[in-house]
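> Sequence first, then the predicted structure, then my questions.
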Amino acid sequence: MTTHLALLRGINVSGHNMIKMDALKTTLEAIGFQNVQTYIQSGNVFVDTEEENAASVGFKIKQEIFKAFGHEVPIVVIGKSDLEKSLKNNPFLKEKDVDSKKLYVAFVSTTLRSDNINDLKISQFKPDEASIDESRIFIKYAVGAGKTRFDQKYIEKKLNVTATIRNWNTVTQLLKMYEER
């Protein structure tokens, strides 16, 4: 049995793409996922399955969400190691007195190249900062996520990927939940 974490993008935001987590859990259990567990309303869903391929799991969840709720929801499926690497490789954690409330991680659907950071043209968003690591983009917002144009839509457009962003508190909580499973 493999545990996957599906990160759903754009659900329950400002009254759009509304999905109750209890209903989502029931829906995913009905198609064979086991030990389904959700965390907060923004779409973080743990599932256990015999399927090892993360992309296949994401596709199955995406299809079922559309069938059950009528929403086309982009999904990035990650594993425990992705969260562990987020903690280990985030360069902003090495900064003295860093405010973790300004730290975010964009999880993307494909492996990134180190030169993709140039494609993002992050310098035009200063004082916001970003760094790339495999399939993650570490972000430090100077003011806050709601006050920048360096967001998920921009990342997706520039890198031609599916992306979903989680704040640092959520990332650390998801890792804790993974470890408790």
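Sure, I can see it. Numbers count the residues shown, from 1 in each chain.
> List the buried residues of the longest helix anywhere in the chain.
Identified as the longest helix of the chain according to DSSP state H is helix 54-69. By neighbour count on 16 or more other C-beta atoms under 10 Å, the buried set for helix 54-69 is Ala54, Val57, Gly58, Lys60, Ile61, Lys62, Glu64, Ile65, Ala68, Phe69. The C-beta positions use only the backbone N, C-alpha and C, and glycine is treated the same way.
> same thing with stretch 70-86?
Applying 16+ other C-beta under 10 Å to stretch 70-86 flags Val73, Pro74, Ile75, Val76, Val77, Ile78, Asp82, Leu83, Lys85, Ser86 as buried.
> List the contacts of it.
3-11, 17, 19, 43, 54-55, 57-58, 61-62, 65-66, 105, 107-109, 133-136, 138, 162-164, 171, 174-175, 178-179 (C-beta atoms under 8 Å, 6 or more residues apart in numbering).
> May I have it as PDB, with CA atoms only?
What follows is stretch 70-86, C-alpha atoms only, in PDB (Å, rounded to 0.1, in the frame of the first residue of the first chain):
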ATOM      1  CA  GLY A  70     -18.700  19.000 -11.600                       C
ATOM      2  CA  HIS A  71     -15.400  20.800 -11.000                       C
ATOM      3  CA  GLU A  72     -12.300  20.700 -13.100                       C
ATOM      4  CA  VAL A  73      -9.600  20.700 -10.400                       C
ATOM      5  CA  PRO A  74      -5.900  20.700 -11.100                       C
ATOM      6  CA  ILE A  75      -4.100  18.300  -8.800                       C
ATOM      7  CA  VAL A  76      -0.400  17.700  -7.900                       C
ATOM      8  CA  VAL A  77       0.200  14.400  -6.100                       C
ATOM      9  CA  ILE A  78       3.300  14.200  -3.900                       C
ATOM     10  CA  GLY A  79       4.900  11.800  -1.500                       C
ATOM     11  CA  LYS A  80       6.400  12.000   1.900                       C
ATOM     12  CA  SER A  81       9.900  12.600   0.500                       C
ATOM     13  CA  ASP A  82       8.600  15.700  -1.300                       C
ATOM     14  CA  LEU A  83       7.600  17.200   2.100                       C
ATOM     15  CA  GLU A  84      10.800  16.100   3.700                       C
ATOM     16  CA  LYS A  85      12.900  17.700   0.900                       C
ATOM     17  CA  SER A  86      10.800  20.900   1.400                       C
END
